[in-house]
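1. Here's my sequence, what's the structure:
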Amino acid sequence: MADPAPAGAATADAPDRPLTLEEKKAAARARARAAREAQQAGAAILDVTESAAGYIREVADREGKDHGVRLRILAGGCSGLEYRIDLTDPGEPARPDEREVASNGIRVLMDLKSAIYVTGSVIDYERTLLRRGFKIRNPNATSTCSCGESFGV
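-> Next up, the predicted model:
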């Protein structure tokens, strides 16, 4: 899966100008349709890399939690939307309004709105000299902030 375009870069789907309200609505409908089709086809909505899965298992074991996370998209950050990842409690069921995905032995719960924004994404975990943390490669993002913790659509 390809990395999203750098912040401010135009893609084949995004014009070089700000989107109109109608274009934003059409893009949101297309994301929702893609998420529903992926769910119906049994395709993975998102993938968790082995590096991210290993980190989640390590922290969950240390804190007595399940090998699962709840992923939410919230308004905020410098680009308009930000990711929120929390460990799930032992035996915690999916809520009625949530989708459940399993990848690399990690159970990922997300509400329907968040699932629309992250369909096709890859959750990775990186450890470098300058940065340690989750890195989400989201093909739906049309812009990201320089730290990579928020995005826009």
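2. quick one: residue 57 is in a strand?
-> No. Under DSSP: H, G, I helix; E, B strand; the rest coil, residue 57 falls outside any strand and is assigned helix.
3. Can you get me a residue count around it?
-> Neighbour count of residue 57, defined by other Cβ atoms under 10 Å: 16. Backbone N, C-alpha and C define where each C-beta goes, glycine included.
4. Does it touch residue 67 like I think?
-> Yes. Assessed by Cβ atoms under 8 Å, residue 57 is found in contact with residue 67 at 5.3 Å.
5. where do the contact lists of the two overlap?
-> Common neighbours of residue 57 and residue 67 are listed as 105-106 (criterion: Cβ atoms under 8 Å, 6 or more residues apart in numbering).
6. where do the helices sit along the chain?
-> 21-40, 50-63, 112-118 (DSSP state H).
7. Just list what the second one packs against, helices and strands only.
-> To tie it back to what came earlier, the one meant is helix 50-63. strand 68-75, strand 81-87, strand 106-111, strand 121-127 (3 or more Cβ pairs under 8 Å, 6 or more residues apart in numbering; DSSP states H and E).
8. hmm, 6 Å instead?
-> strand 121-127 (3 or more Cβ pairs under 6 Å, 6 or more residues apart in numbering; DSSP states H and E).
9. That's all I had, so thanks and see you.
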